[in-house]
Structure formats: structure tokens, C-alpha cells
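Asker: Quick one, fold the following:
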Amino acid sequence: MKVIRFEDARGRIHYGEQIDGLKAKLIEGDLFDQFKVTGETAEVRRILAPVQPVNLIAIGLNYRKHAEEGGSPIPDVPVVFAKLTTCVVGPGEPIVLPTDAPDEVDYEGELAVVIGKTARKVSQADALQYVLGYTCANDVSARDCQIRRDKQWMRAKSFDSFGPLGPCLVIDPKLDPNALAIRTVLNGRVLQDSNTRDMIFSVACLVSYLSQHFTLLPGTVIVTGTPEGVGCARKPPVYLRPGDEITVEIEGIGKLTNPVRADG
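Answerer: Numbering: from 1, shown residues only. Next up, the predicted model:
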């Protein structure tokens with residue numbers, strides 16, 4: 001089932017099962033508890049980020065070829081950092097190049113995992129039972145802040161608009177999150193083209209590992225790392241510029257597209 005969070009013609013926000021780009025079947029109840037798809041439909045005026053995360057946890061260097069392209073050793077344990085939830089935007093909303101750091105803003109297409117029920121110290125074997133569904137993410141990153149200016153990742157990855165999510169939340173227990181084609185396309189040019197099977201740490205491993213250290217609340221979003229092909233590793237580097245359009249596409253989920261603009 002593909003679930004969207006959307007604004008209807010009267011400005012009201014709903015969850016619904018997507019019928020097409022224009023209509024959705026309304027969902028009744030709590031997406032993180034008990035819910036059902038009703039027979040009532042509503043017009044979709046604007047698709048929003050599929051969830052409003054309570055926490056946004058990210059993983060670095062989680063694809064073998066991405067670690068290799070940057071000359072980094074394969075990590076022994078997941079590289080964990082956080083993004084501020086205020087960076088989240090939905091499909092079609094602009095990625096805004098920040099006034100203080102507009103020149104080296106990079107894309108990172110990623111699979112995002114949405115936690116559906118409280119997870120604390122869960123086993124890897126049971127971990128996927130705590131997942132509600134999956135969506136596309138773009139872990140936008142200001143490389144100058146990340147690498148030279150701050151020398152840590154939080155600000156570089158948390159500027160407003162640096163967390164696009166969407167277009168939908170796929171709820172399907174049969175979906176294998178580590179067997180999905182993933183691509184990132186900039187202005188029609190494919191820059192990342194991989195598969196989630198190249199992850200160093202699987203989705204089940206990540207959920208279990210994180211739950212040993214933090215309580216994963218319903219609505220927690222985990223962005224699981226990016227494959228090779230990021231802009232900063234290219235020669236010459238490829239960074240986002242005003243007027244660009246960037247799309248993250250994941251097999252079985254859909255396409256998350258955002259325009260790019262300057263601040264102000």
C-alpha cells in the first residue's frame with residue numbers, strides 16, 4: 001500500500017491511500033496504531049512529506065562503493081548522526097541553498113525507514129517487525145561545513161530544507177529493503193545508480209543496532225546511507241545550483257523530486 005500525507009482542496013491535511021496524482025482514499029485512525037482505509041476519497045492538492053519525524057537519525061558510509069570512492073575504510077559499526085527535524089520538506093518543495101554556505105551543497109539519495117512502534121533493544125531477527133514502511137530521502141549536505149568549516153556533520157546536514165522525504169510511504173511487509181534499485185538524477189543526468197543490497201549494514205541490522213542505544217519511537221525516521229556517485233567525489237565536483245531539479249528514485253516506492261533555489 002502506498003500512503004500519502006496530503007493537503008486537500010480546502011487546505012485540510014490527511015493521510016490516504018494514493019489512487020493517482022489527483023485523488024486518495026482517506027485513512028481513518030492512527031497510522032502508528034490502528035487505522036483503516038475508508039471508501040471516502042478526497043482531492044489531492046499538494047503532497048506533503050509522508051511523515052513528520054519525531055527524530056531523524058542518519059547513517060554515514062553505509063554503501064561499500066561509496067566508502068571506496070571517498071577513500072574511507074569500511075566501518076566496523078554503523079556511523080550514526082542526527083539531522084534536525086526542521087530540515088524536512090516534501091516532494092516539490094525547494095531545496096534552499098543557505099546564505100552562509102551556498103557553494104558546496106551536495107545530494108545524497110537514500111532509502112528512509114519509518115519506525116511504526118516503540119523499539120528498544122530489539123534483535124536483528126525481529127527488527128523489521130518494528131518498521132511501518134519505507135520512503136525516499138535526500139540527505140542534502142553542505143560539504144564545506146561538513147568537511148572544513150565545522151568538521152562535524154550536524155549543521156551541514158540540517159539546514160532548513162536539507163531533508164526531503166517522499167513521495168509516499170510504502171507499507172508492505174513483503175518488501176525486501178535490501179534488494180531495491182536506487183538512483184539519483186540531476187537535471188536528467190543519472191549520477192547515482194545502485195542497489196540497496198550494497199549496504200554494509202542492512203536495514204534490520206541498523207534498526208536493531210540503533211535500538212540498543214536509543215529508544216526508537218513511532219515516527220522515527222532512519223535514513224540509511226547513500227550509494228556511490230555523490231557530487232563531492234566527482235572530478236570535477238558537481239554541486240547543486242539554483243534552477244536545478246534533483247530526483248531520488250527507489251524501486252517499488254517512487255520518485256522524490258525537488259527544485260533547487262537560492263535563499264532569499
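Asker: Identify the residues contacting the nearest residue to Val105 once chain neighbours are set aside.
Answerer: Closest residue in space to Val105, ignoring its immediate chain neighbours: Leu240 at 4.6 Å, by CB to CB, 6 or more residues apart in numbering. In this view, the C-beta of every residue, glycine as well, is placed from N, C-alpha and C. With contacts defined as CB atoms under 8 Å, 6 or more residues apart in numbering, Leu240 is in contact with Ile95, Leu97, Val105, Asp106, Tyr107, Val140, Leu186, Gly231, Ile246, Val260.
Asker: neighbour-wise, which of the residues you listed leads?
Answerer: When neighbours are taken as other CB atoms under 10 Å, the top entry among the contacts of Leu240 is Tyr107 (30 neighbours).
Asker: quick revisit: I'd like the contacts of Leu240 as a markdown table, with secondary structure, distance to Gln129 and pLDDT appended.
Answerer: Written out in a markdown table, the entries for the contacts of Leu240 read as follows (DSSP: H, G, I helix; E, B strand; the rest coil; distance: CB to CB, whole Å; pLDDT from 0 to 100):
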| residue | secondary structure | distance to Gln129 | pLDDT |
| --- | --- | --- | --- |
| Ile95 | strand | 34 | 98 |
| Leu97 | strand | 40 | 98 |
| Val105 | strand | 37 | 98 |
| Asp106 | strand | 34 | 98 |
| Tyr107 | coil | 32 | 98 |
| Val140 | coil | 31 | 98 |
| Leu186 | strand | 36 | 98 |
| Gly231 | helix | 37 | 97 |
| Ile246 | strand | 33 | 98 |
| Val260 | strand | 38 | 98 |
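Asker: Which two of those have the greatest separation?
Answerer: Across these, the two members that end up farthest from each other (CB to CB) are Leu97 and Leu186, 14.2 Å apart.
Asker: pretty sure Ser202 is touching Asn178, no?
Answerer: Yes - proximity of Ser202 to Asn178 meets the contact threshold set by CB atoms under 8 Å, at 5.0 Å.
Asker: okay, now the nearest residue to Ile13 once chain neighbours are set aside: neighbour count?
Answerer: When the adjacent residues along the chain are set aside, Ile13 lies closest to Glu7, with 5.6 Å between them (CB to CB, 6+ apart). With neighbours defined by other CB under 10 Å, the count for Glu7 comes to 17.
Asker: Glu7 and Ala137, how far apart?
Answerer: Distance of Glu7 to Ala137, given as CB to CB, to the nearest Å: 21 Å.
Asker: Thr215 now?
Answerer: Thr215 is 22 Å from Ala137, by CB to CB.
Asker: Between the two, tell me which one has more neighbours.
Answerer: Neighbours per residue (other CB under 10 Å) separate Thr215 from Ala137, with Ala137 holding more: 29 against 12.
Asker: What sits closest to the most centrally placed residue in the chain if chain neighbours are left out?
Answerer: Among the residues of the chain, the one closest to the centroid is Ala137, at 2.1 Å (CA atoms, centre = their mean). Nearest in space to Ala137, with sequence neighbours left out and distances taken as CB to CB, 6+ apart, is Ala112 at 3.9 Å.
Asker: ok, and what's touching the helix or strand the one you found falls within?
Answerer: Secondary structure from DSSP states H and E places Ala112 in strand 109-115. Applying CB under 8 Å, 6+ apart, the set of residues contacting strand 109-115 from outside is 50-51, 130-139, 165, 169, 177, 180, 182-184, 192, 196, 203, 206-207, 216-227, 248-250, 253.
Asker: Isn't Met1 up against Val170?
Answerer: Yes - Met1 is within contact range of Val170, at 7.4 Å (criterion: CB under 8 Å).
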